[in-house]
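Novice: sequence and predicted structure below; questions after.
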Amino acid sequence: MQAVVTHLVRTIALRYGKLHGLYVKLCKPMGDEYAEYLRRHGNLYAIGEHCSILTSTVFTDPQYVRIGNNVHFSSCTLIGHDGSIAMLNRAYNAKLDSVGKIDIRDNVFIGFNAIVLPNVTIGPNAIVAAGAVVTKDVAEGDIVAGVPARPIGRVENLVKKLQTSTQILPWADLIHQREGGFDAELEPQLLKQRVAHFYGPTG
């Protein structure tokens with residue numbers, strides 16, 4: 001019965017944009033599915049192909065956000081406006097406005113608890129580290145970290161480093177068998193080998 005309810009909620013959510021809270025809680029969509037939900041019903045300016053967005057990602061002003069192809073979000077926040085404006089308008093009897101676009105180009109990863117502020121362009125081919133606060137543009141190929149975010153490396157160098165380190169892993173053969181980023185059949189074997197490597201054989 002639960003499978004039928006889950007299927008019905010997923011269908012209604014993806015087709016009509018209804019039951020969002022129930023959809024997230026009951027269906028627990030993976031990042032690629034939730035990106036498709038946001039493409040249809042998230043009011044983003046634009047979103048490309050092959051994206052992954054966790055349900056915990058926050059878009060305060062989705063209409064100002066453009067997302068390219070192969071963009072992956074961890075649990076992060078994208079803020080399109082300055083929240084102090086209402087207070088300043090009242091305090092100073094002013095009529096102020098402060099909003100901006102967030103333009104994320106192709107092949108970008110934004111890490112856990114990162115915050116992206118208005119008037120920022122990221123990438124292409126860039127990584128925003130966990131916890132970073134992005135206050136200005138991230139150049140093509142840069143890895144940025146810190147508060148405020150600053151360049152700490154280049155993506156092309158990271159790829160070379162990871163290629164070298166992956167080749168010597170005890171489970172490298174399983175990684176090479178993967179089709180895409182996640183393979184449900186291989187994951188239990190990978191988990192077992194990794195845990196044995198990290199902590200020794202269990203017994």
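Specialist: Received it, and whenever you're ready, just let me know what you need.

Novice: run a quick neighbour tally on residue 98.
Specialist: Neighbour count for residue 98, taken as other CB atoms under 10 Å: 13. All C-beta spots, glycine's among them, are computed from the backbone N, C-alpha and C.

Novice: test my guess that it contacts residue 118.
Specialist: Yes: using CB atoms under 8 Å, residue 98 makes contact with residue 118 at a distance of 7.4 Å.

Novice: which residues touch the residue positioned nearest the centre of the chain?
Specialist: For the chain, the residue nearest the mean C-alpha position is residue 73 (0.2 Å; CA atoms, centre = their mean). Residue 73 makes contact with 31, 51, 52, 53, 54, 57, 110, according to CB atoms under 8 Å, 6 or more residues apart in numbering.

Novice: around the fourth one, count how many other residues there are.
Specialist: Other residues lying near residue 53 total 28 when counted by other CB under 10 Å.

Novice: which pLDDT value goes with it?
Specialist: With respect to pLDDT, residue 53 has a value of 97.

Novice: and it, bridged to which residues?
Specialist: residue 73 (DSSP bridges).

Novice: shouldn't it be in contact with residue 34?
Specialist: Yes: under the criterion of CB under 8 Å, residue 53 makes contact with residue 34 at 5.2 Å.

Novice: does residue 184 sit in a helix, a strand or a coil?
Specialist: coil (DSSP: H, G, I helix; E, B strand; the rest coil).

Novice: please apply the same query to residue 127.
Specialist: On the basis of three-state DSSP, residue 127 is classed as strand.

Novice: that one contacts residue 144, correct?
Specialist: Yes: counting by CB under 8 Å, residue 144 is a contact partner of residue 127 at 7.4 Å.
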